[in-house]
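[1] sequence-free structure coming up:
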């Protein structure tokens, strides 16, 4: 595959990833409807997320409007690299802060 073919393939798959993001379909459903091997499509999604979008330089500010003791409710944090952190909402804020810094 020469450089032009490779660039065309990259652009083609990037367009598929962007179309999938707008489609409200699962990755499997989008890949099936577009005759793309699911695992190939998944790899392109991961590649695009890493190369296609710059990571934010800082966290967005969090505003808490009211404080409740919600038993069974979790707080989820999703990092740009795909790592997800889910902790009980009742977790001590200092422990949560230390955990976030470790990741």
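    Looks like it came in fine. Because the structure is predicted, anything quoted here is derived from the model rather than measured. Numbering: from 1, shown residues only.
[2] mind listing the strands for this protein?
    Using DSSP state E, the strands of the chain run over residues 74-78, 84-88.
[3] could you dump those to CSV with mean neighbour count and mean pLDDT?
    For the C-beta atoms, the positions are set from N, CA and C on the backbone; glycine is no exception. Putting the strands of the chain into CSV (neighbours: other Cβ atoms under 10 Å; pLDDT from 0 to 100) gives the following:
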stretch, mean neighbour count, mean pLDDT
strand 74-78, 12, 81
strand 84-88, 12, 81
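[4] okay, those strands in JSON lines with distance to residue 3 next?
    Formatted as JSON lines, the entries for those read as follows, by distance: least, Cβ to Cβ, whole Å:
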{"stretch": "strand 74-78", "distance to residue 3": "35"}
{"stretch": "strand 84-88", "distance to residue 3": "37"}
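[5] which among those is found nearest to residue 42?
    Between residue 42 and the strands of the chain, the tightest spacing by Cβ to Cβ is seen for strand 84-88, at 16.7 Å.
[6] what angle do the closest one and strand 74-78 make?
    Put simply, strand 84-88 runs at 160 degrees to strand 74-78, going by axes from the mean of the first three to the mean of the last three Cα atoms, to 10 degrees.
[7] picking up where we left off before, which among the strands of the chain is found nearest to residue 45?
    With distances scored as Cβ to Cβ, the stretch of those nearest to residue 45 is strand 74-78 (15.0 Å).
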